[in-house]
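> need coordinates for the following:
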Amino acid sequence: MTQFPVVDDCLVVGGVPLTQLAARAGRTPFYAYDHRVIDERVGHLRRYLPPQVKLHYAMKANPMPELVGHVAKLVDGLDVASAGELRVALESRMNPREISFAGPGKTDDELRRAVVAGVLLNVESAREVRALARLAEALPTRPRVAVRVNPDFELKSAGMRMGGGPKQFGVDAEQVPELLREIGTTALGFEGFHIFWGSQNLRAEAICEAQRKSYDLARELAQHAPSAVRVLNIGGGFGIPYFPGELPLDLEPIGANLAALASRAAAELPGAELVVELGRYLVGEAGVYVCRVIDRKISRGHVFLVTDGGLHHHLAASGNFGQVIRKNYPVTIGNRVRGERREIASVVGPLCTPLDLLAENMELAEAHEGDLVVVFQSGAYGLTASPLRFLSHPPPAEVLV
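Purely as a prediction, here's the structure:
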């Protein structure tokens, strides 16, 4: 983990030594997000993305309002998945025309709020289309819609596959032409397609293949559209390394592939904007989760560091958020990164379940009561992806530094 410096054997996040940051947060556990790391990640990405391709932030990765407000200044648009996220997006002062709303099971109230706000709705079923058609008759604002397509392919080696086969997301590609005909009979404003096929992929060739297939599918479906395609969201899928042996994603071939697709779109879908939608890739490596050692226990020769944090705050790090075989996130003792002595220890939380495990049999600096445990790669799918109410412990703090 090289994104954060170490000074006097203490991790530095946002220019602040971890011990001082803990005092500033006021309590442990807490999440801290380094805005400099986010800035550098977006700048790095922009060097490879062709200028014709818009960059959107998928807020489900981390909807902290202060973080979203910062990211909104760096990207071209925001993607939300609930009315709560929509409120945060609008408060970030992002232009509503550059906000899109995806997700299955949108309620009529959510649809109405999105229409009134003027954001783009990625419809995922015929029910949503018909509900929006009724709203169009009652509201002065014309609903803006794109069709979220469940493609007939999936992202190879993806951490989470969200397209291909039977899925609750989007409209099956073979059913889209009929839905487009229905949209054409309503007062809805058709704008394009959203094709999201998976996430957390570290293989550039797999992402490029999925992008090409997405474009080809959109080009085919455009022949059935009631009006010209104005936006084509071809998803994201960009992963970050979490575990030993994983390497950072190579952006160079992805940038070249997107440039080729943008050139094709200029000729074949004139006026259409290409969009990539990224969440984890923009903010995941900028965040740390910090908890404090409450007790040091030795059970039959094994060291357990019992902390005030755990799976109720960081489900992903516990291995219970999609891992088939549990692996350790990168973890360190933040106030003694190297330490005078090293040992093999497990980091556990205060919950009455053996699932409350943040690090298992991991080499760490020897730690004692009061030391600070740091879980890296925690800027995405951390706090809001965790069962905060489990056993009624208090929630962690969040700081943007």
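> show me what counts as buried in the strand ranked longest in the chain.
Ranked by residue count, the top strand of the chain under DSSP state E comes out as strand 287-299. For strand 287-299, the neighbour count (16 or more other C-beta atoms under 10 Å) marks Gly287, Val288, Tyr289, Val290, Cys291, Arg292, Val293 as buried. Bear in mind the C-beta positions are built from the backbone N, C-alpha and C, glycine included.
> what separation do you get for the nearest residue to Glu273 once chain neighbours are set aside and Ala83?
Take Glu273 and drop its neighbours on the chain: the residue closest to it by C-beta to C-beta, 6 or more residues apart in numbering is Val231, 5.1 Å away. Val231 is 22 Å from Ala83, where distance means C-beta to C-beta, to the nearest Å.
> tell me which of the two has more neighbours.
Val231 (22 against 17; other C-beta atoms under 10 Å).
> which residues does Ile183 contact?
If a contact means C-beta atoms under 8 Å, 6 or more residues apart in numbering, then Ile183 has Val129, Val145, Val147, Phe190, Pro226 as its contacts.
> revised request: answer the last question for Leu372.
Here Leu372 is in contact with Leu18, Thr19, Ala22, Thr28, Val290, Cys291, Arg292, Val293, Ile333, Gly334, Asn335 (criterion: C-beta under 8 Å, 6+ apart).
> if we go to 10 Å?
10-11, 18-19, 21-22, 28-29, 288, 290-293, 307, 332-336 (C-beta atoms under 10 Å, 6 or more residues apart in numbering).
> residues near Gly118, how many?
15.
> and the nearest residue to it once chain neighbours are set aside, how many neighbours does it have?
In space, and not counting its chain neighbours, Gly118 is closest to Pro96: 4.3 Å by C-beta to C-beta, 6+ apart. Look at Pro96: counted by other C-beta under 10 Å, it has 17 neighbours.
> hmm, Ala72 and Pro96 touching each other?
No. Pro96 is beyond contact range of Ala72, at 12.0 Å (criterion: C-beta atoms under 10 Å).
> and for those two, which residues touch both?
Common neighbours of Pro96 and Ala72 (C-beta under 10 Å, 6+ apart) are Leu78, Ala89.
> do a quick rundown of the strands in the stretch 301-401 of the chain.
302-307, 331-333, 342-348, 357-365, 372-375, 397-400 (DSSP state E, counting those that start in this stretch).
> just to revisit the earlier point, just the angle for the longest strand of the chain relative to strand 357-365, thanks.
Computed with axes from the mean of the first three to the mean of the last three C-alpha atoms, to 10 degrees, the direction of strand 287-299 lies at 80 degrees from that of strand 357-365.
> partner strands of strand 287-299, with direction?
Paired strands of strand 287-299, with direction, are strand 30-33 (antiparallel), strand 302-307 (antiparallel), strand 372-375 (antiparallel) (DSSP bridges).
> make JSON lines out of the ones you listed and add distance to Thr384 and mean pLDDT.
Shown next, in JSON lines, are the strands paired with strand 287-299 (distance: least, C-beta to C-beta, whole Å; pLDDT from 0 to 100):
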{"stretch": "strand 30-33", "distance to Thr384": "10", "mean pLDDT": "98"}
{"stretch": "strand 302-307", "distance to Thr384": "20", "mean pLDDT": "98"}
{"stretch": "strand 372-375", "distance to Thr384": "16", "mean pLDDT": "98"}
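> nearest to Leu355, out of those strands?
Nearest to Leu355, of all those, is strand 302-307, at 14.5 Å by C-beta to C-beta.
> contacts for the closest one?
Taking C-beta under 10 Å, 6+ apart as the rule, strand 302-307 contacts 28-29, 290-298, 331, 333, 343-350, 356-359, 361-362, 364, 366-369, 371-373.
> would you list the buried entries among the residues you listed?
28-29, 290-293, 331, 333, 345-350, 356-359, 362, 364, 366-367, 371-373.
> leaving out the residues flanking it, which one is nearest to Gly192?
Nearest to Gly192 is Val231, by C-beta to C-beta, 6+ apart, at 3.9 Å.
> enumerate every residue touching the one you found.
54, 77, 98, 100, 120, 122, 144, 146, 191-194, 269, 271-275.
> and the buried ones among the residues you listed, selectable in ChimeraX?
Only the buried entries of the contacts of Val231 go into this ChimeraX selection, using 16+ other C-beta under 10 Å:
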select :54,77,98,100,120,122,144,146,191,192,193,194,269,272,273,274,275
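> can you tell me which of the contacts of Val231 are in strands?
Per DSSP E, the subset of the contacts of Val231 in strands is 54, 77, 100, 120, 122, 144, 146, 191-194, 273-275.
> okay, those residues in a markdown table with distance to Ala317 and pLDDT next?
What follows is the ones in strands among the contacts of Val231, written out as a markdown table (distance: C-beta to C-beta, whole Å; pLDDT from 0 to 100):
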| residue | distance to Ala317 | pLDDT |
| --- | --- | --- |
| Lys54 | 32 | 98 |
| Gly77 | 30 | 98 |
| Ser100 | 30 | 98 |
| Leu120 | 34 | 98 |
| Asn122 | 30 | 97 |
| Arg144 | 38 | 98 |
| Ala146 | 35 | 98 |
| Glu191 | 39 | 98 |
| Gly192 | 37 | 98 |
| Phe193 | 35 | 98 |
| His194 | 30 | 97 |
| Glu273 | 36 | 97 |
| Leu274 | 34 | 98 |
| Val275 | 30 | 98 |
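> could you work out the most separated pair of those?
Arg144 and Leu274 (17.8 Å).
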